[in-house]
Each structure stands twice: as C-alpha cells, then as structure tokens.
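1. Got a sequence here, can you build the structure:
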Amino acid sequence: MRSILLGVSWESFVQGKLTHARREAELKSKPDDTANLARLALLSEAVKDAQRADRYYEQLLKLRPDEKELVVQTGKYFRRTGRPQR
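-> I've put the predicted structure just below:
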C-alpha cells in the first residue's frame, strides 16, 4: 500500500528528495552547470522552497543574463509566486 502525502506517493516524495540532494551535491563540484541549476530551481519550486528556488533562478540569471528564454521563465516564476517586481 502506498502512502499519499498531498497527492504524491511516499516513494515519489522520497525519490524527489534524493534527486534534489544529488543535484545539490553535483552543484558543489560544477557551480556553473546551468542545466543542473535549472533543474534545481524547478525542483525547489515544486516542493514550495521559495528561498532555494529564488537562489537558483538568480544564479542562472547571473550566468546567462542574455538568454531570453531564461529571463522570461524567471519572470514567470516570480509572477507565479506573487513577486513580479523582482
């Protein structure tokens, strides 16, 4: 029997936590890995960790300030979280 927490199975929840931890460990060895930073931003947003998501989105913008799609997606994130001024 699967436990359900807010519509997410316990197995999925644990797997998500492990994925997040693994990606954060990778970030320490490759701090400029934009693909990993993007995934961490999305994972953090998904688990409602705005502080981490903010940090990852801001790191991405510092690394790729001229990437239009990234700027648009970051703006959408801040609008979704009620902070369009950021």
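
2. what's Thr81 sitting at in phi/psi?
-> Torsion angles at Thr81 (phi, psi; degrees, to the nearest 10) stand at phi -90, psi 10.

3. again with Lys30
-> phi -140, psi 70.

4. what's the nearest residue to it if we skip its chain neighbours?
-> Asn36 (6.7 Å; Cβ to Cβ, 6 or more residues apart in numbering). (C-beta placed from N, C-alpha, C; glycine too.)

5. Give the buried residues for the helix or strand containing the one you found.
-> Element membership for Asn36 (DSSP states H and E) is helix 34-46. By neighbour count on 16 or more other Cβ atoms under 10 Å, the buried set for helix 34-46 is Asn36, Leu37, Ala38, Arg39, Leu40, Ala41, Leu43, Ser44, Glu45.

6. where along the chain do the helices fall?
-> 10-29, 34-46, 50-63, 68-80 (DSSP state H).

7. what residue is smack in the middle of the chain?
-> Against the mean C-alpha coordinate of the chain, by Cα atoms, centre = their mean, the closest residue is Ala41 at 1.5 Å.

8. what's the distance between it and Val72?
-> 14 Å (Cβ to Cβ, to the nearest Å).

9. angle of the helix holding Asn36 against helix 50-63?
-> On the basis of axes from the mean of the first three to the mean of the last three Cα atoms, to 10 degrees, helix 34-46 is oriented at 150 degrees to helix 50-63.

10. which other residues reach helix 34-46?
-> 16, 19-20, 23-24, 26-27, 30, 50, 52-53, 56-57, 59-60, 63-64, 70, 77 (Cβ atoms under 8 Å, 6 or more residues apart in numbering).

11. Restricted to buried residues, select those in ChimeraX.
-> In ChimeraX, this line selects whichever of those come out buried by 16+ other Cβ under 10 Å:
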select :20,23,27,52,53,56,57,59,60,64,70,77
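
12. With only the CA atoms kept, save stretch 71-78 in PDB.
-> These are the backbone C-alpha positions of stretch 71-78, laid out as PDB (Å, rounded to 0.1, in the frame of the first residue of the first chain):
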ATOM      1  CA  VAL A  71      14.800  35.700 -18.400                       C
ATOM      2  CA  VAL A  72      11.200  35.000 -19.500                       C
ATOM      3  CA  GLN A  73      10.900  31.900 -17.400                       C
ATOM      4  CA  THR A  74      12.400  33.600 -14.300                       C
ATOM      5  CA  GLY A  75      10.000  36.400 -14.700                       C
ATOM      6  CA  LYS A  76       7.100  33.900 -14.900                       C
ATOM      7  CA  TYR A  77       8.400  32.200 -11.700                       C
ATOM      8  CA  PHE A  78       8.400  35.500  -9.800                       C
END
